[in-house]
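Visitor: Here's a sequence, model it:
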Amino acid sequence: MTRLTTRTLSSLPAVVRRPAYDRSHLSPGIVHLGLGAFARAHLCEYTEDTLELEAGAWGVTGASLQRPDQRDRLSPQDGLYTLLKRAPAGPELRIIGCLREVMVAPEDPAALVARMAAAETRIVSLTVTEKGYCHDPATGRLRADHHDIVHDLANPDAPRSAVGLIVAALKARRAAGAGPFTALSCDNLPHNGGVLRGLVRDFAALSDDGLAQWIEANGAFPATMVDRIVPATTEADIAEVAGLIGLEDAAPVIGEPFRQWAIQDVFAAGRPAWERGGAQMVSEVAPFEFMKLRMLNGAHSSLAYLGYLAGHETVSEASGDPVLARFLEGLWAEIIPTVPAPQGVVLGDYAQALLARFRNPAIRHRTWQIAMDGSQKLPQRLLGTIHDRLKQDAAIDHLALGVAAWMAYVSGTDEKGATIDVSDPLAATFAEKAKAAGRNATALSRSLLSIEAIFGADLPHEPRFTRAVETHLAALFDKGAKATVAAL
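Guide: As a prediction, the model looks like this:
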């Protein structure tokens, strides 16, 4: 089959939306670190919308920080790829054209730093997941002992972490007498802009206090809230896209129709008119971010662990299970009193909209995918809510079950005795603790709760929390996920 390229765009079926601007005039303006599916289905589509309405210097250079896979798939396609939006009424197809090139950081980190430091680069955005920030999720501080940070401090001309790359490029900008670019985090981290600012400043201070002060005084690190369900692309998706567009596309992305992007409007060197594509440019992102992290992400993670344990492969299957749907309603009832509603939002209506999104049968978002990297996600998605509920002397039954389900999941064995592929930076630690504890809920819960990087210093000594988690974990081991949820 003929490959999707600039030359073959004209052969696409009429139902496929294609770039409505001249790509040959697209000049660079954004470097994006961590060119995964989410960035290509979210930031790139908003940028595509903006370019169609207002052409400008906002072409995107994508950078893979680990492997060459994305470059190898996208470069033969001139950076073009299909965004397939799965709606209950049927698929929507769009070719995204704003991606100009893909670089691979480990192959030539100096070249990537030079691209970031170039005068035409005005924004460096990133989606590197929580673990890509090389920080302690419980405190938000830089881990100076992280192996990537240790490497980057010793090899400043060949950084491999996102923080190291940003600091190296800002150092080059300062040396050239240029102002800084805007560093724009698009990851699901509370106060992601402030966290990134602190990490960049702290890293710089470890070698050059003057640079750290320059970054603090001149840098721009807007907070953002991003929202769109983007499942991992499968071979079946690739085959489906080929059948729909009549061309081979090695790098399509799949997303739900819904999307949301709230951005703190603080930029150092200009920005695209993203608001013309539907983004919300706001002075304060925190209310949107807080609502999403607790109500969407907290529910997503809890449902992923329980759904996986109950044998559900996807979120739509799990949320369509009446027993787990009742769990979500109970979970949201515990979460909502801890969430100040953003202006114009009714939280109960927001919860019902989330349930409808979860149940979209056209989206195959695997519970295993959402369950990844739980050690990095729990503090933001569940533990903060638990802290607040304990202060209110309020019930935490559903929240504690979410934590217990995570423990059962990372124990590495499902309800049928099959091995779970636990994808997490602390997977080896979990395996060691699970081997020592076996199926003893008391031993396993106490061992996992002792991981201060996840649970901090307070929660492991809060008996209301520890008893609830231990009780739920014992039930999960004894009766299974569905029976445990049904008993709530």
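
Visitor: Just give me the neighbour total for residue 58.
Guide: Neighbour count for residue 58, taken as other CB atoms under 10 Å: 23. Every C-beta, even on glycine, is put in place using the N, C-alpha and C of the backbone.

Visitor: you'd agree it is up against residue 46?
Guide: No. With contact defined as CB atoms under 8 Å, residue 58 does not reach residue 46; the gap is 10.4 Å.

Visitor: Please identify every residue contacting each of these two.
Guide: residue 272 (CB atoms under 8 Å, 6 or more residues apart in numbering).

Visitor: For residue 43, which residues are in contact?
Guide: Contacts of residue 43 (CB under 8 Å, 6+ apart): 32, 60, 125, 127, 186, 226, 261.

Visitor: ok, now how distant is the first one from residue 181?
Guide: Same thing as residue 32. 12 Å (CB to CB, to the nearest Å).

Visitor: out of the two, which sits in the more crowded spot?
Guide: Legend: neighbour count by other CB under 10 Å for residue 32 and residue 181, higher for residue 181 (28 against 24).

Visitor: Residue 262 belongs to a helix, doesn't it?
Guide: No. Assessed with DSSP: H, G, I helix; E, B strand; the rest coil, residue 262 is strand; it does not lie in a helix.

Visitor: Within its local environment, how many residues does it see?
Guide: Using other CB under 10 Å as the criterion, the residues surrounding residue 262 number 21.

Visitor: Check the one 4 residues further on too.
Guide: The local packing count at residue 266 equals 14, with neighbours defined by other CB under 10 Å.

Visitor: ok, now residue 15?
Guide: Around residue 15 there are 10 residues (other CB under 10 Å).

Visitor: closest to residue 248 among the contacts of residue 43?
Guide: residue 60 (22.5 Å; CB to CB).

Visitor: residue contacts, the nearest residue to residue 429 once chain neighbours are set aside?
Guide: Of all residues beyond its chain neighbours, the one nearest residue 429 is residue 451 (7.1 Å), with distances taken as CB to CB, 6 or more residues apart in numbering. Contact analysis of residue 451 by CB under 8 Å, 6+ apart lists 375, 426, 429.

Visitor: picking up where we left off before, tell me which of the contacts of residue 43 is nearest to residue 209?
Guide: residue 125 (26.9 Å).

Visitor: Show me what the helix or strand the closest one falls within pairs with in its sheet, parallel or antiparallel.
Guide: Taking DSSP states H and E as the criterion, residue 125 maps to strand 123-126. Strand 123-126 has the following strand partners under DSSP bridges: strand 28-33 (parallel), strand 182-185 (parallel).

Visitor: In CSV, list these along with distance to residue 97.
Guide: Listed next are those as CSV, based on distance: least, CB to CB, whole Å:
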stretch, distance to residue 97
strand 28-33, 14
strand 182-185, 21
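
Visitor: neighbours of residue 423, just the number please.
Guide: Neighbours around residue 423, by other CB under 10 Å: 12.

Visitor: Relative to residue 355, how far out is it?
Guide: From residue 423 to residue 355 the distance is 26 Å (CB to CB).

Visitor: swap in residue 413?
Guide: Taken as CB to CB, the span from residue 413 to residue 355 is 30 Å.

Visitor: Stretch 57-74: how far from the chain's middle?
Guide: Stretch 57-74 sits 17 Å away from the centroid of its parent chain (CA atoms, centre = their mean, to the nearest Å).

Visitor: Which positions in that stretch come out as buried?
Guide: By neighbour count on 16 or more other CB atoms under 10 Å, the buried set for stretch 57-74 is 58, 59, 60, 61, 62, 63, 64, 65, 70, 71, 73, 74.

Visitor: average model confidence for stretch 67-79?
Guide: On average, the pLDDT along stretch 67-79 is 97.

Visitor: same deal with stretch 94-104?
Guide: pLDDT averaged over stretch 94-104 gives 97.

Visitor: What's the end-to-end length of that stretch?
Guide: One end of stretch 94-104 sits 26 Å from the other (CA to CA, to the nearest Å).
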